[in-house]
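Enquirer: Whatever this is, show me its structure:
(2 chains)
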Amino acid sequence: MKSPYSETVLEHFRHPHNVGKIENADGKAQEGSPACGDMVSVYINVDPETKVISDVKFESYGCASNIATGSIITELAKGKTIDEARKITWKEAADALGGLPKIKVHCSVLAIEGLRSAIENYEERHGLVKERKPTTMDTVRNRLKKVMNPMAGLDLVRTNLVEGITVKNGTVRVAISLPPDHQFAPAIKEEILEKIEPLWDVNEVVVDFTD
Amino acid sequence: MLDGKQVYLDNSAATRLDERVLEAMTPYFFEDYAVATSEFAYTQGIEASEALNAAREKLAGALGAEPEEFIFTSGDTESSNIAIKGAALGSKKGKHIIVSAIEDFPVLNSAKALERQGYKVTYLDVDGDGFINPDSLRDAIMEDTILVSIQHANQEIGTVRDIEAIGRICREKGVLFHTDATHTFTRIPIDVKKVPVDLITVAAHTIHGPKGIGGLYVRKGTKLGKWMDGGFQEFDLRAGLENIPGAVGFARAVELVTEEETRQLQAMRDRLIDRILTEIPDTTLNGNHEKRLPQNANISFHYIEGESITLHLDMNGYAVSTGSACFSRSLEGSHVIFGIGGDHERAHGSIRFTFGRYNKIEEIDPLVETLAGIVKELRSISPLAPENMEKEGE
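Expert: Down below sits the predicted model:
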């Protein structure tokens, strides 16, 4: 059989590690939605003294790269402190998998986000977070770094597709330099909404395609 | 997998060429390879021209049409482009066309291209099975409507439309009617003497003929603007060197389709649909059960994603396709499943199985068993599966 995926990806896809739930997990998070085609849940248990991740599990509704990244990221995170685990990058996960096809980056990024969000969730539930900060252009820009440009396999910010961001009275406007009828416009818009809308002080997100 | 062989179930995308088709084509590569320029040419040219005319007669005959009403193209994409853009160019009547919302891309994107040039396009909604409402069609036809394009059977969900009724409405209102019959041609015959249709798209790649050859039926008197310029081939409707081996192969492929074979495909389809729907829980048939392409089954497996299913099937020796966003080049779920009212999850979990001449009914049972195992495994790790949701509350 021929496949765009590496042998390691296929192996993790066939036999994913650390699959399932942790009952009463110390931290848990869900990223993605059926709309974007992939969804991942991550559960962690953390040693309260050392802050080491003692157990981690994941569930996936998604394609092969989503499942394989969930499997590898849980392997990488186990035994690390939450601060170390938070720093695991997509690149490290992809390298450990022997590479991923460009167009599949956005499916695999979800698993990394899932782990980070589960750590955040642990911190929130254990009184380890600072106050809520108001959303700024920088907050939005940082979130857009998690939205993939499927043509490049890199995020929107790094590929210079973000033309402008405004934040005013709870409304965020994002200008993307692609034509509105571009092949990927609907998928990109959906992902932007998914990333920006959950911000606590944002009521409305408008995406303009300006090319 | 049967006897360690790959089982190919994507016959609506492309079919294996029949050896008898290749045999018919071969002399036109090595012996009679001349161009069919003119019946007053040299011997080889006359022979080439005769072969082309014989193929044309065969194909037109399969539609109940006259040879002058059938032109060869490079495939269904070109045929539908010529039909839609040609009808728009050839009409002085207006700037409005109507297509169904779940048409295949050659029709849908030709309509969108015209829209960008200032034409108005109505995308007619379909019901949960993919049928259009005749009253909505009647209401959508305006004074300035040029053309209605509604496919005979849908490429994904297999629903077969009543093109005779649709054609009558178009005829009554005086607008052109085009139908994309890429997936029904020879399997569900159309007779243009009975069906009031003006333009029909057909292709060879779905019936074990070669890729790169298709055709367009153009009813006598239908005005089409020519937009590919060059020579005067194909009754001055389609410029370009004729693909004579392709045309000969297409005609041979049509001869080889039999009613008996079509019945066998239908038996495989029905066995697969019945077994999946009764034995694998949380599955939905996409498209109508009765008015359905004989070679098509399309089923959504809930709570799991289609690319994962197809990859597992591939590892087990089965080739199928899916309407999942993860599988598509646009990262969008199937517009057809959305069009029939399905949600993202139904689109992402949809798998299309399409049968052809080289499939055997014995392949169905092992496929269902393999599939049941894959579905169970993927559901066991899915956060959307009810068995995993229930634990949440504990």
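Enquirer: I'd like the next helix or strand past the helix-or-strand element of chain A with minimal mean pLDDT.
Expert: None of the helices or strands of chain A scores lower by mean pLDDT, DSSP states H and E than strand A:154-155, at a mean of 74. Using DSSP states H and E, the helix or strand that follows strand A:154-155 in sequence is strand A:162-168.
Enquirer: Mind listing the strands that following strand pairs with, and their directions?
Expert: According to DSSP bridges, strand A:162-168 forms sheet pairs with strand A:171-176 (antiparallel).
Enquirer: In space, what's closest to residue A:193 - neighbours in sequence excluded?
Expert: Nearest residue to residue A:193, sequence neighbours excluded (Cβ to Cβ, 6 or more residues apart in numbering or on different chains): residue A:205, at 5.3 Å. In short, each C-beta sits where N, CA and C put it, glycine included.
Enquirer: Can you list phi and psi of the one you found for me?
Expert: Note on residue A:205: backbone dihedrals following degrees, to the nearest 10 are phi -120, psi 130.
Enquirer: Could you report the neighbour count for it?
Expert: Neighbours of residue A:205 under the rule other Cβ atoms under 10 Å in any protein chain shown: 19.
Enquirer: got it, and residue B:258?
Expert: 11.
Enquirer: So which residues on chain A come close to chain B?
Expert: Counting by Cβ under 8 Å from any Cβ of the partner chain, chain A comes close to chain B at A:1, A:3, A:5, A:10, A:13-14, A:16, A:19-21, A:23, A:30, A:33-41, A:59-64, A:66-67, A:103-104, A:106-107, A:150, A:181, A:183-184, A:186-187.
Enquirer: Filter those down to the buried ones.
Expert: Among the residues of chain A next to chain B, those classed as buried by 16 or more other Cβ atoms under 10 Å in any protein chain shown are A:5, A:10, A:13, A:16, A:19, A:21, A:30, A:33-41, A:59-64, A:66-67, A:103-104, A:106-107, A:150, A:183-184, A:187.
Enquirer: can you pull the pLDDT of residue B:39?
Expert: In this model, residue B:39 is scored at 64, pLDDT.
Enquirer: Correction: the previous question concerned residue B:384.
Expert: 89.
Enquirer: Could you report the neighbour count for it?
Expert: Counted by other Cβ under 10 Å, the residues lying close to residue B:384 total 20.
Enquirer: Just the terminal-to-terminal distance for stretch B:33-45.
Expert: 8 Å (Cα to Cα, to the nearest Å).
Enquirer: buried sites along that stretch?
Expert: Using 16+ other Cβ under 10 Å as the test for burial, stretch B:33-45 gives B:34, B:35, B:36, B:37, B:45.
Enquirer: Tell me who's in contact with residue A:114.
Expert: Residue A:114 is in contact with A:29, A:30, A:31, A:32, A:40, A:41, A:42, A:58, A:70, A:73, counting by Cβ atoms under 8 Å, 6 or more residues apart in numbering or on different chains.
Enquirer: ok so, going back, among the residues of chain A next to chain B, name the ones in helices.
Expert: Counting by DSSP state H, the residues of chain A next to chain B place A:10, A:13, A:14, A:64, A:66, A:67, A:106, A:107, A:186, A:187 in helices.
Enquirer: Looking at those residues, which is nearest residue B:144?
Expert: residue A:186 (29.9 Å; Cβ to Cβ).
Enquirer: ok, the closest one to residue A:37 distance?
Expert: 12 Å (Cβ to Cβ, to the nearest Å).
Enquirer: pLDDT at the closest residue to residue B:239 other than its chain neighbours, what is it?
Expert: Distances taken as Cβ to Cβ, 6+ apart place residue B:230 nearest to residue B:239, at 2.9 Å, with adjacent residues excluded. The score at residue B:230 is 90. That number is its pLDDT.
Enquirer: Regarding residue B:227, which helix or strand does it belong to?
Expert: Residue B:227 is part of no helix or strand, with elements assigned from DSSP H and E.
Enquirer: Got phi/psi on it?
Expert: Backbone geometry at residue B:227, expressed as degrees, to the nearest 10, gives phi -120, psi -10.
Enquirer: residues contacting it?
Expert: Applying Cβ under 8 Å, 6+ apart, the residues contacting residue B:227 are B:82, B:85, B:86, B:89.
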